[in-house]
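S.K.: Got a sequence here, can you model it:
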Amino acid sequence: MKKLLVYLKDYKIQCVLAPLFKMLEAVFELTVPLVVASIIDKGIRAENMGVVYSRSVLLVLFALVGMVAAISAQYFAARAATGFATKVRHALFEKIQGFSFSEIDKVGTATLITRITNDVNQAQSGVNMVLRLFLRSPFIVAGAFVMAMFIDVEAGLIFLGIIAALSVVVFVIMKITVPKYKEVQSTLDGVTLLTRENLNGARVIRAFCDEENELSRFNKKNNYLAHLQRVAGRISALMNPLTFVIVNLGIIVLIRYGGVRVNTGRLSQGDVVALYNYLSQILVELVKFANLIVTVTKGFASGSRIAAVLETESTLKKSDNARVTNNYAVAFDGVSLSYDGAGDESISDITFTANSGEVIGIIGSTGSGKTSLVSLIPHFYDATKGTVTVDGRDVASYTGDELQKKIGFAMQKAELFSGTVRDNVKWGKSDATDSEIDEALRIAQIYDAMYEKDGLDTVIEHGGGNLSGGQKQRLSVARAIVGKPQIIVLDDSASALDFATERAMRDAILSLSYNPTLFIVSQRCSSILSADRIIVLDDGRCVGMGTNEELLKNCEVYREIYSSQFDDAYRYVKEGQND
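M.R.: So this is what the prediction gives:
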């Protein structure tokens, strides 16, 4: 939490004024019992109504000034806390935007969502409570004890015993509940993850009629979270009854002691009432302080989790060496990739080159490493071995903006944002004109579908929820090509399209006048038959490279894939044997 205090630097004045106004309120609150004692001893007992009226007016004035001080303190504390939370959220969001795919995979989306929402709220509440009560409650307790000593030293010793007993209760309860609240926050991550999975996979769950099983999983996790909260809540609930028992026992002792002292003339009735009021103030403030500790504990736990994200550095390597080492549009030289925490390599020792304007097909069974391979081109991940170059330069030497302008990437899973068609396509080129967007839509074969609705103003729901799978893929392709990048990567981005639409889109891309280098990742042989070169992957290794005809003759893995989709696979083999 200490590392987050830097986000309060713009609210130094509020951080000073909030406690000061609370201290001012506390001073008036400590003065009230003395005024009440004066009314009893000098007004009511002496039958002097003038004193009663004047002291009553003074109490009203104290109440008004105290109310103004309390409202002012709350205003400054709230302003500082909300400003702090705003800056922390901005810092978290900016940090997350700079994460590579490795960090996002490692930390987890559900955890990041929890930390930017719930954890920031907990930290905000902690800051608010500290500014309001951290100085006020100890000041009231210490001030009430000093005032009691001022009235009667022996009565002050009774106060000291009560304060010690209350402090022990508060400390023990906090010692038990603090770890529980930390565990609650961690368990909340799991509930958030499961909820997010169910929301994203709602259609799959419904398609397989697995609602009951998912509901059971959620109930199990949610019930465990509720159990932890109940355990912590039950222990925390002991706070009030135990403190009230101790204080009431103390009041009994105090009244008995005060009655004896009144009979002997050493104390007045007003003094006993003042001592009683001070004891009540101590009770209220210790309960508040206990709640403050709970809130601050949650805030510290959340703050440490937030700080862990802010301290996470991107593992993407950056290089200052912009030296051009070759003339290829894309080149892989002995490239391997291992994901963080994975035992085996996802791709191993991949070497190939792609000239400007070439079409490279990449095919292989599920899990063979196709997406891993093309993800290295825009530097989504760092190669663990070897070098990847774009236009002869190591990809690590490019900035993110430079690569984004050079490479158009349509991901395997089409990710769309809430907004309009125009808004979504402009992610590929922020200053794209409507005519450029229309051209991209035509190439992606989705122009007619969008203009049957509201054209570029067609509203897209979050995740493209109001579009079909094929429409989402074609819109993501339009986004990838609108900026006319030199390199286009289609990562299985036509899997939901029929053959005719896919071919029309592919032909439109291949006929682009500026002749970009095209990478087509697919599980359909038909998508890559005309490619200049086809790379065949199997278990992360390149087991074949060449044209369709060459691979049918020389690559068993490719022949198996081809024969599962066509009937004439071995015709090429026979022709090759007869030559």
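
S.K.: mind listing the helices for the stretch 351-500 of the chain?
M.R.: For the stretch 351-500 of the chain, applying DSSP state H, counting those that start in this stretch gives helices covering 370-375, 400-406, 421-425, 434-443, 447-451, 469-481, 499-510.

S.K.: Which stretch among the ones you listed approaches residue 130 most closely?
M.R.: Closest to residue 130 of the helices of the stretch 351-500 of the chain, according to CB to CB: helix 400-406, at 38.6 Å. All C-beta atoms are positioned from the backbone trio N, CA, C, and that covers glycine.

S.K.: which residues touch the closest one?
M.R.: Residues outside helix 400-406 that contact it (CB atoms under 8 Å, 6 or more residues apart in numbering): 378-379, 390-391, 395, 398, 483, 485-487.

S.K.: okay, the helices of the stretch 351-500 of the chain in JSON lines with mean pLDDT and mean neighbour count next?
M.R.: Formatted as JSON lines, the helices of the stretch 351-500 of the chain follow (pLDDT from 0 to 100; neighbours: other CB atoms under 10 Å):
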{"stretch": "helix 370-375", "mean pLDDT": "92", "mean neighbour count": "22"}
{"stretch": "helix 400-406", "mean pLDDT": "88", "mean neighbour count": "15"}
{"stretch": "helix 421-425", "mean pLDDT": "93", "mean neighbour count": "21"}
{"stretch": "helix 434-443", "mean pLDDT": "94", "mean neighbour count": "18"}
{"stretch": "helix 447-451", "mean pLDDT": "89", "mean neighbour count": "17"}
{"stretch": "helix 469-481", "mean pLDDT": "92", "mean neighbour count": "25"}
{"stretch": "helix 499-510", "mean pLDDT": "91", "mean neighbour count": "17"}
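
S.K.: Ok, which of these comes nearest residue 196?
M.R.: Using CB to CB, the helices of the stretch 351-500 of the chain put helix 469-481 closest to residue 196, at 19.1 Å.

S.K.: Now do the closest one: which elements does it pack against?
M.R.: strand 407-410, helix 421-425, helix 434-443, helix 447-451, strand 487-491, helix 499-510 (3 or more CB pairs under 8 Å, 6 or more residues apart in numbering; DSSP states H and E).

S.K.: I'd like the ones you listed written out as JSON lines, with distance to residue 243 added.
M.R.: Listed next are the helices and strands packed on helix 469-481 as JSON lines, based on distance: least, CB to CB, whole Å:
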{"stretch": "strand 407-410", "distance to residue 243": "61"}
{"stretch": "helix 421-425", "distance to residue 243": "56"}
{"stretch": "helix 434-443", "distance to residue 243": "66"}
{"stretch": "helix 447-451", "distance to residue 243": "66"}
{"stretch": "strand 487-491", "distance to residue 243": "62"}
{"stretch": "helix 499-510", "distance to residue 243": "72"}
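
S.K.: nearest to residue 135, of the ones you listed?
M.R.: With distances scored as CB to CB, the stretch of the helices and strands packed on helix 469-481 nearest to residue 135 is helix 421-425 (48.8 Å).

S.K.: circling back: and the helices and strands packed on helix 469-481: which comes nearest residue 288?
M.R.: helix 421-425 (48.5 Å).

S.K.: Now do that closest one: distance to the chain's middle.
M.R.: 25 Å (CA atoms, centre = their mean, to the nearest Å).

S.K.: same question, stretch 290-300
M.R.: 21 Å.

S.K.: For stretch 537-553, the averaged confidence score.
M.R.: The average pLDDT within stretch 537-553 is 91.

S.K.: for stretch 142-151, same thing?
M.R.: Mean predicted lDDT for stretch 142-151 stands at 84.

S.K.: mind listing what's buried in it?
M.R.: Neighbour-count burial for stretch 142-151, counted by 16 or more other CB atoms under 10 Å, picks out 143-145, 147-148, 151.
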